[in-house]
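Participant: test case, fold it:
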Amino acid sequence: MPFSRTFTRSALVLITSATILGAAPSAHGARTYLKLVAGFGDLDDGGTLEVNDPRFSSSADASYDLGLRSGLAFGWNLDDRFALELEYLYSTNDFDTVVFSDGERFEEGNYASVVISANAYTFFRRDQNVRPYLGAGLAWVQEVDIDFERDGAETSFETDDFGFQVMAGVLWDLNDRWALDLQARFLAADGVEMEAEEGSGTVRADYRPLSLFAGLSYRF
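Facilitator: Numbering: from 1, shown residues only. From the prediction side, this is the model:
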């Protein structure tokens, strides 16, 4: 995955959006914020890969190790109950095993993504320092790819797609500027069809990470 190129493009989109949000007039306590997030998560073990490529059998069963997530978000607290944000997130899960229908196995490789999402949150226990919340978002999986690796050689498939996500968490206001955030999230992008970076093959699979995050935000 060309991480540096996709990061640069996505960061420019987020910075531009944040500038627009920051220029909006403040009303009813509205404030912009910047948030850094990091965490880990799992993919659906035993997920089926539908493969259309002469180099492989027609299907495979895949399981994955726990993977890492990292990203940043620019947001706007409309008041102490609602918030909107744009988020950039990179996620990756290494293979545990991938077993094709003919018995071929891969134990090296990964299933990874770059996701840009627009999220909305509602907070409970208003005017409290610790506030639980629920959220939902529309996700552009700007790049999702799967890499099969063996003996230093890599076969990659990638595409972009759309999905949705739901979130639940707790926000702890440390003071007027800083806040800590603990969140659980489920993202669903079903039937993703990735195309071979070399050749004409495809891999079709669901992409459904379940993740836990910690975030640190600063309000402007």
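Participant: what about the residue lying farthest from the centre of the chain, which SS state?
Facilitator: The centre of the chain is farthest from one residue, D102, which by CA atoms, centre = their mean lies 32.3 Å away. When classified by DSSP: H, G, I helix; E, B strand; the rest coil, D102 comes out as coil.
Participant: surely it meets S59?
Facilitator: No: D102 lies out of contact with S59 (CB atoms under 8 Å); the separation is 9.8 Å. Using the backbone N, CA and C atoms, a C-beta is placed for each residue, glycine as well.
Participant: still on that earlier bit, list the contacts of the residue farthest from the centre of the chain.
Facilitator: The contact partners of D102, taken as CB atoms under 8 Å, 6 or more residues apart in numbering, are S57.
Participant: pLDDT weak spots in this protein?
Facilitator: 1-30, 45-46 (pLDDT under 70).
Participant: repeat the analysis, applying 50 as the threshold.
Facilitator: Filtered on pLDDT under 50, the chain yields the residue ranges 1-8, 15-28.
Participant: can you map out the strands along it?
Facilitator: 31-42, 47-52, 59-64, 67-77, 82-100, 105-106, 108-123, 130-150, 153-173, 178-196, 202-207, 210-219 (DSSP state E).
Participant: tabulate those in TSV, adding columns for mean neighbour count.
Facilitator: As requested, the strands of the chain are exported to TSV (neighbours: other CB atoms under 10 Å):
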stretch	mean neighbour count
strand 31-42	18
strand 47-52	17
strand 59-64	19
strand 67-77	20
strand 82-100	20
strand 105-106	14
strand 108-123	20
strand 130-150	18
strand 153-173	17
strand 178-196	17
strand 202-207	20
strand 210-219	17
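Participant: ok, the nearest residue to F40 once chain neighbours are set aside to F82 distance?
Facilitator: Spatially, and ignoring its direct neighbours in sequence, F40 is nearest to L66 (5.3 Å; CB to CB, 6 or more residues apart in numbering). As judged by CB to CB, to the nearest Å, L66 and F82 stand 33 Å apart.
Participant: got it, and W140?
Facilitator: W140 is 22 Å from F82, by CB to CB.
Participant: what sits against P54?
Facilitator: Neighbouring residues of P54 by CB under 8 Å, 6+ apart: G201.
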